[in-house]
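>>> Give me a model of this one.
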Amino acid sequence: MFIRCPWVLLAIFPLSGWICNVQEAKLLFEDDFDRNESQEVKEELGGRWSTNSEKRAHGNKQCDLKDDALFLTRHKTADHGVSLVHPAKYGDCRVQLKFRIDDKRDDFGIDFADTGCKEVHAGHICKVIFRPSVVEIFDFKNGRMKKTFRDAVKANNATDEQMAAVAKWQRKFDAPVSRGKWHDAIVTIRRGEMVVELDGKQIGAFKSPGMAHPEMNLIRFSARRQAGMDDVKMYSLEQKRDARSSRRLLDVSVASTHQMAGSSVVFCVAVVAVRG
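Numbers count the residues shown, from 1 in each chain. Model prediction:
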């Protein structure tokens, strides 16, 4: 973009990623699940992990540490899918992990939640679900988990207009999610957009208002039937509005003045150097 003055031509470079919106990744938690439980009857996950097994499966074990990974398996008495929960305070964020599903009926979900948000059911803000050959991204805050819509569905009086409107708050993408294979996944929420990568390739992206929710306090990992997960890391992506306050410093130097057609034209060249 150029701003023209009578005597000066200023070149303004797109430094938004450096000066206006520098983002630093801060590790919130990580777990490689490389440990064993002392017994096989009750869940002993360690750390700050919790599950919905007590409430939804009468206390029966649904999350099991084995083979240096964590496996989620819905108990036959459960009235809900398995939910594995870890507390975390974040807005923009990145989650990376390995997961696997073994049956065509299985799925694995990552749910971003704010239990303080009363506009939605159970704090559900947005979610990604991996199924065989498919990835789905949901803006729950404005869609399926919005309290007004969910209450209407529960009361069996949701209108056709409401049902149709919900569809615009979700996206489905073809994806090479194979059964019986460990996949590497990275899910990034940044500036109101969720981007999903699978085995090093971007699968889909969805920009929606719910993804711009300012602060969440939980992350949930879920399975309707069964799934495995391993090597999870979660980062918050912190905004740095002033580059001078970050650890990255920019050096901008101004080049020479060039005479052209009798007018004085100043070319400004930005030379960016990143210092750790």
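
>>> quick one: contacts for residue 80?
Residue 80 sits next to 52, 56 when contact means CB atoms under 8 Å, 6 or more residues apart in numbering. For the C-beta atoms, the positions are set from N, CA and C on the backbone; glycine is no exception.

>>> Over to it. Which of the three states is it?
Here residue 80 is recorded as coil under DSSP: H, G, I helix; E, B strand; the rest coil.

>>> can you start the count at 13 instead of 1 from here on
Shifting the count to begin at 13 puts that one at residue 92.

>>> For residue 83, which residues count as its bridge partners?
Taking DSSP bridges, one obtains residue 76, residue 240 as the residues bridged to residue 83.

>>> ugh, typo on my part, it should be residue 197
So, taking DSSP bridges as the rule, residue 197 has residue 109, residue 210 as bridge partners.

>>> so how far is residue 141 from it?
Using CB to CB, to the nearest Å, one gets 11 Å for the distance from residue 197 to residue 141.

>>> where do the helices sit along the stretch 113-262 of the chain?
In the stretch 113-262 of the chain, the helices defined using DSSP state H, counting those that start in this stretch lie at 159-166, 172-178.

>>> Please work out which of those is packed deepest.
Each of the helices of the stretch 113-262 of the chain was scored by mean neighbour count; the highest is helix 159-166, a mean of 14, by mean count of other CB atoms under 10 Å.

>>> tell me what that helix is packed against?
Counting contacts by 3 or more CB pairs under 8 Å, 6 or more residues apart in numbering; DSSP states H and E, helix 159-166 packs against helix 172-178.

>>> Identify the residues contacting the nearest residue to residue 181 once chain neighbours are set aside.
Counting by CB to CB, 6 or more residues apart in numbering, residue 155 is the residue found nearest to residue 181 once chain neighbours are left out, at 3.0 Å. Contact analysis of residue 155 by CB under 8 Å, 6+ apart lists 161, 178, 180, 181, 182, 222.

>>> ok, now residue 199?
Residue 199 neighbours (CB under 8 Å, 6+ apart): 106, 107, 108, 122, 140, 206, 207, 208, 209.

>>> mind checking pLDDT for it?
pLDDT, residue 199: 98.

>>> who's residue 219 bridged to?
Here residue 219, judged by DSSP bridges, has bridge partners residue 205.

>>> Checking the closest residue to residue 199 other than its chain neighbours next. Helix, strand or coil?
Spatially, and ignoring its direct neighbours in sequence, residue 199 is nearest to residue 107 (4.8 Å; CB to CB, 6+ apart). Counting by three-state DSSP, the backbone at residue 107 sits in strand.

>>> ok, residue 107 to residue 84 distance?
16 Å.

>>> Counting neighbours, go ahead and name the busier of the two.
Set residue 107 next to residue 84 and count neighbours by other CB atoms under 10 Å: residue 84 wins out with 24 against 21.

>>> what residues are up against that one?
Taking CB under 8 Å, 6+ apart, one finds 74, 75, 94, 96, 233, 234, 235, 238, 239, 240, 241 in contact with residue 84.

>>> I'd say residue 222 and residue 157 touch.
No - Residue 222 is beyond contact range of residue 157, at 9.2 Å (criterion: CB atoms under 8 Å).

>>> What values do phi and psi take at the residue lying closest to residue 132 once chain neighbours are set aside?
The shortest distance from residue 132 to any non-neighbouring residue, by CB to CB, 6+ apart, is to residue 157 (4.6 Å). Backbone torsions for residue 157, taken as degrees, to the nearest 10, come to phi -100, psi 0.

>>> Look up how far residue 171 lies from residue 157.
Where residue 171 is concerned, residue 157 sits at a distance of 18 Å (CB to CB).

>>> And these two? Which one has more around it.
Shown here are residue 157 and residue 171; by other CB under 10 Å, residue 157 has more neighbours (26 against 10).

>>> if I look at that one, how far off is residue 91?
Distance of residue 157 to residue 91, computed by CB to CB: 18 Å.

>>> just residue 108 next, same as before
In terms of CB to CB, residue 108 sits 31 Å off from residue 91.

>>> Repeat that for residue 121.
Distance of residue 121 to residue 91, given as CB to CB: 17 Å.

>>> Settle it for me: which of those two has more neighbours?
Between residue 121 and residue 91, residue 121 has the larger neighbour count (other CB under 10 Å), namely 21 against 10.
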